[in-house]
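*Asks:* The amino acid sequence is not available; the structure is as follows:
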């Protein structure tokens, strides 16, 4: 199969490329060659350019395009329209952030998506990211119709994650000692290994699937994740669970200071229980959690010594909060 990948050198994209090449697909990567320049040059045909200005460099024909880096509907529309007569199907990697809210459990693909009052907005913020992704989805569907495949992942984890939104926990837990943990041991989250996401996308392509899919993991407790990290790293970690009220009082931010966690209240009541049954029926499978964590540890050793995590608490801030929690 001939596959064109927009992007393909960062996190999810590189896992998609690795798997697709292992399955002997013929790959073309179109990107700016700015992230890990030269990566995959021996196993894929590279075409370097900006998708906003250089689409005319794409003069071949492909069975499918996988768009890993579409954020603005205006630019996604350019790609979709330009490729319409060159590519059979269009896979767009979106996000569960498209949903208007998570007020109830079990949100499926039919749940309303977020809207922008001004659809010409192109500044990507926490408020606009989801609605912009929703508009990108609509653009692809308008152009490709039944040949559009929309993938809505949740929190993606695994080696090569540039955000550290999950990596913080394995790294911190490996250091051991008292660890500030959010909320309570049975608080829930949903995560998906980037390689499972890549496998699902490849599977959908081979099966000629179509439509929209929520693609994240089954609900899992934070304690299960933390204890698995502890077991794999053989650390002496001791988890100190901080109530939501304590975290709010001391301005500890969910998701950034406390990665992989959002309070399950109000508009986020169902954020950790998104319905993935459609993806499961289409073949979604999961890497064992311990394996994902082990592979994160191995990848972490490849990073430059002293690299600072982009998410989670700094050690001095955590120490301060643990003392405040203790005296409380």
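*Replies:* Arrived safely, thanks for sending. Predicted, not measured: the structure shown is a model, and the values here were computed from it. Residues are numbered from 1 along each chain as shown.
*Asks:* Could you use CA atoms for every contact and neighbour count after this?
*Replies:* Fine.
*Asks:* Dig out what the most centrally placed residue in the chain forms beta bridges with.
*Replies:* In the chain, the centroid-proximal residue (CA atoms, centre = their mean) is residue 156; its distance is 3.3 Å. Beta-bridge pairing of residue 156 under DSSP bridges involves residue 192.
*Asks:* That one is in contact with residue 190, isn't it?
*Replies:* No. Using CA atoms under 8 Å, residue 156 is not in contact with residue 190; the gap is 9.1 Å.
*Asks:* Please enumerate the shared neighbours of these two.
*Replies:* With contacts defined as CA atoms under 8 Å, 6 or more residues apart in numbering, the residues shared by residue 156 and residue 190 are residue 216.
*Asks:* thinking again about what came up before, ok, now how distant is the residue nearest to the centre of the chain from residue 203?
*Replies:* To residue 203, residue 156 is 18 Å away according to CA to CA, to the nearest Å.
*Asks:* Next: residue 124.
*Replies:* 31 Å.
*Asks:* same thing with residue 275?
*Replies:* With CA to CA as the criterion, residue 275 and residue 203 are 19 Å apart.
*Asks:* The two: which has the busier surroundings?
*Replies:* More crowded of residue 275 and residue 203, by other CA atoms under 10 Å: residue 275, with 21 against 15.
*Asks:* helix/strand/coil for the more buried one?
*Replies:* Secondary structure, DSSP: H, G, I helix; E, B strand; the rest coil: residue 275 is coil.
*Asks:* Do I have it right that it meets residue 106?
*Replies:* Yes. In this structure, residue 275 is within contact of residue 106 by CA under 8 Å, at 4.6 Å.
*Asks:* For the stretch 51-200 of the chain, just list every one of the helices.
*Replies:* For the stretch 51-200 of the chain, the helices defined by DSSP state H, counting those that start in this stretch occupy 73-83, 129-144, 168-175, 194-206.
*Asks:* Which among these is found nearest to residue 257?
*Replies:* Among the helices of the stretch 51-200 of the chain, helix 168-175 comes nearest to residue 257, with 9.6 Å by CA to CA.
*Asks:* Report the mean confidence score over that closest one.
*Replies:* When pLDDT is averaged over helix 168-175, the result is 97.
*Asks:* Tell me which other helices or strands that helix touches.
*Replies:* Here helix 168-175 touches helix 222-233, helix 289-300, going by 3 or more CA pairs under 8 Å, 6 or more residues apart in numbering; DSSP states H and E.
*Asks:* pLDDT score for residue 33?
*Replies:* On the pLDDT scale, residue 33 gets 89.
*Asks:* quick one: contacts for it?
*Replies:* Contacts of residue 33 were listed using CA under 8 Å, 6+ apart, and they are 48, 49.
*Asks:* Right, I'll leave it there.
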